[in-house]
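Colleague: The following comprises the amino acid sequence and a computationally predicted model.
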Amino acid sequence: MNPLFAIALRNLLRAKRRNALAGGTMVLGSAALVLGSGLSDGIARQLTTNLVAVQTGHVQVVVRPADFQPQSSPFDAYGQHQLPEALALAKRIEAEGRGIGVLRAVPYLQVRGTVIAGNRSSLASIIGIDAAREVELLAAFAPVAGAFLPAGDELAVYIATPMARKLRLCVGDSVSFVIQTPQGAVNSLDAIVCGVFKKSAPWYDNTFYVPLTAAQRLLDWPGGATNVKVTLADGSRAGARRARQAIAHLVEAAAIVPPAKGTRVRVETFDEAGRFSFSIIQANEVALAILSTFLFLAAAVGIVNSMLMSVHERTREIGTLRALGMRRALVVRLFILEGVALGLVCAVLGVALGATGVLYYGARGIPMNTMTLAWMAGGDVLFPVLRPASALRAGVLIAALSTLAAIYPAFAASRLEPREALQHV
Amino acid sequence: MSSLLLGMLLAGAMPSADTIVRRADKAVLGDSVTYRLRMSVVRPGRSDRVVEMDGWKKGDDLGLVRYTAPAKERNTAYLRSGDNTWLYLPAGEKVVRVGAKQNFGGGDFSNGDIFRLSLIKDYDPTLVGEETLDGIACFKLELKAKNRSVAYDRVAYWVRSDGTFYPLRADYYTLSGKKLKWLSVTKVAPLGGRERPTLLTMENALEVGARTLLEFLAIQDDARIDDRIFTPSALEKGE
């Protein structure tokens, strides 16, 4: 070990109480930062996983009006217009997109309507899916009763727990859906509940899954869909952007003409299609950055104060060292090394404390008891996530802060004249 | 017995499906009328919701109703002009466009049911035969939507065959062939100088026990109505 660093460590131990107090601030600050990052990363993961699995895939093909403007609604990703020949397009993307990492391309159809069960009714988001190929959806919306849509059962409907409670539905009960087709006619569909899935983000509470062919009959769109969602091997935002170009070429080659006037086929990445989710993620990141800034400022004031006290207490010692020939630069280095040592110790302790908290709550989950919290977290329970990069960032930041905060006291110490310092009482 | 039916009987012929539907279309309300209406929305396990309203109708395309009671809903208004329907909410002082197929006032009638009482424009009628329904002799007709933009793909329609051509019942079916709701037209009483059905009951075939009653309290036929009241701006001004 560098002898100067060993001296710095020893000096820290000479003022245990004061350094413990200053260090405690940094430990708590870095732990809070790791916890905050864990919450923010947990929200981001929940929102992104749900968005990708339920609505967009990593890339989606959808028909939009030429002047389409997202409404910052959780339903922005759903198409409102018919994408004709959706099944053929999905097969083409899947077959020809292997080289760009396409794992699956599945069409689905979303329509709003009313669900009626006995003398209860509610607004419904009815989604027709190809159940056998909805791997990610099944993982996101696992059944808590009954089963996912069985293959070949045209009458089945898969519902969310809040709607099962509201309409007092159990597996085996029947429901009716009534919608208005885009052309204007009223249509209906009878279905039997095959399964109930666990509650997810609140905006999926009134979602009902039915077979794609049943939804196409309901909407009077034979062969049509509203979206084709594409799942990629590389699910990162950069990976999705790269694949979008290639998928756009495939869609262009398919020469699809949407029947609705003033619309066009668009290829969107999940972050473009799900702006609502990403605006929540962004808001959380901004809130975390603001919180971190204040935490760091508070910790920095504590460190500067502690180091200045140290300089004051050790004035005679510094005078002796300077009288014995220690150069100013060495004094600066000694005090900065003390800051580095304090920062490193606090970073390790703080990250360990924060990581323990994240892992604990990550396993248990944090209940989001109010509607606002559930909307912010993308679910009724938030599972924080410990990302090594976030923990490392917190540690590095706190160590860097401690080092920077030591600079001013270090220069203050180096400016002491040996004669005056030795006379200090 | 009307001279039309007498003429037909003398001729030994049944009226055509078109004639029956055209006559039935005008049985309750004529071309230019004002009326007062009470609507009761019945939902099992809940108290009935009762509202009263004044209405104006001109032809098949212009219609306006304005709530007069209860006090908290007074001046809420629906306007139909051509294919467009607007709702005025006095609390927000806002006029919003609503769909013709949306529920009218939270009941089982749609906005289209209320404002477009003419079936002949949207349906091709076929006379199926004669039946006795609730002890009343009537013609049974099958009405098929002229295109897929019409709300109900098929309507089974019963019209009294006693010469009055009062509609008695209409069953409305969705595209998939499911019965969605049915309308009973009852309580024939003198109103506005002539006898006519005064109670329309729409029952929901899907929601058990749900029904909505529309009772005409007063009707004035051949009323002089200024077209200017059928505009969204007039709706907002409360004219």
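Modeller: Sure thing, it's come through. Residues are numbered from 1 along each chain as shown, chains lettered A, B, ... in the order given.

Colleague: From now on I want contacts and neighbour counts done on CA atoms only, so please keep to that.
Modeller: Fine.

Colleague: is any part of the strand ranked longest in chain A close to chain B?
Modeller: Ranked by residue count under DSSP state E, the longest strand found in chain A is strand A:102-117. Yes: using CA under 8 Å from any CA of the partner chain, strand A:102-117 reaches chain B at A:116-117.

Colleague: Which strands or helices does the helix ranked longest in chain A pack on?
Modeller: Using DSSP state H to define each element, chain A has its longest helix at helix A:275-313. For helix A:275-313, the elements it packs on are helix A:16-50, helix A:388-405, helix A:407-414, judged by 3 or more CA pairs under 8 Å, 6 or more residues apart in numbering or on different chains; DSSP states H and E.

Colleague: Next, the angle from that helix to helix A:16-50.
Modeller: Relative orientation of helix A:275-313 versus helix A:16-50 (axes from the mean of the first three to the mean of the last three CA atoms, to 10 degrees): 170 degrees.

Colleague: in helix A:275-313, what's buried?
Modeller: Neighbour-count burial for helix A:275-313 flags A:275-278, A:280-281, A:284-285, A:288, A:292, A:295-296, A:299-300, A:302-308, A:310-312 (criterion: 16 or more other CA atoms under 10 Å in any protein chain shown).

Colleague: count of residues packed around residue 229?
Modeller: In the absence of a named chain, chain A is used. 28 (other CA atoms under 10 Å in any protein chain shown).

Colleague: hmm, I had chain B in mind actually
Modeller: 18.

Colleague: can you check the one 5 residues further on too?
Modeller: By the other CA under 10 Å criterion, the neighbourhood of residue B:234 contains 12 residues.

Colleague: do the one 3 residues further on as well
Modeller: One way to gauge burial is a neighbour count; for residue B:237, by other CA under 10 Å, it gives 11.

Colleague: Report the distance from stretch A:49-65 to the chain centre.
Modeller: How far stretch A:49-65 lies from its chain's middle: 16 Å, per CA atoms, centre = their mean, to the nearest Å.

Colleague: Ok, stretch A:32-49 next?
Modeller: Using CA atoms, centre = their mean, the offset of stretch A:32-49 from its chain centre is 6 Å.

Colleague: Check which residues of that stretch are buried.
Modeller: Buried residues in stretch A:32-49 (16+ other CA under 10 Å): A:32-49.

Colleague: so the following helix or strand past the longest helix of chain A versus helix A:275-313, what angle?
Modeller: The C-terminal neighbour of helix A:275-313 among helices and strands, as given by DSSP states H and E, is helix A:315-323. On the basis of the same axes, to 10 degrees, helix A:315-323 is oriented at 80 degrees to helix A:275-313.

Colleague: Show the average pLDDT along helix A:315-323.
Modeller: Across helix A:315-323, pLDDT averages out at 80.

Colleague: How far away from the center of its chain is it?
Modeller: 53 Å.

Colleague: Spell out which residues of chain A are next to chain B.
Modeller: A:116-121, A:176, A:180, A:183-189, A:218.

Colleague: so after the longest strand of chain A, what's the next helix or strand?
Modeller: strand A:120-129.

Colleague: Give the residue spans of chain A that score low on pLDDT.
Modeller: A:1, A:423-425 (pLDDT under 70).

Colleague: Just want the most central residue of it.
Modeller: Centrality entry for chain A: nearest residue to the mean C-alpha point is residue A:44, 0.6 Å, by CA atoms, centre = their mean.

Colleague: can you map out the strands along chain B?
Modeller: B:32-42, B:49-58, B:62-69, B:77-81, B:84-89, B:94-98, B:123-133, B:136-145, B:154-160, B:167-173, B:179-191, B:194-204, B:211-220.

Colleague: can you put these in CSV and add distance to chain A?
Modeller: CSV is the format used below for the strands of chain B (distance: least, CA to the nearest CA, whole Å):
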stretch, distance to chain A
strand B:32-42, 11
strand B:49-58, 16
strand B:62-69, 20
strand B:77-81, 17
strand B:84-89, 13
strand B:94-98, 13
strand B:123-133, 13
strand B:136-145, 9
strand B:154-160, 10
strand B:167-173, 8
strand B:179-191, 8
strand B:194-204, 10
strand B:211-220, 11
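
Colleague: Great, nothing more from me.
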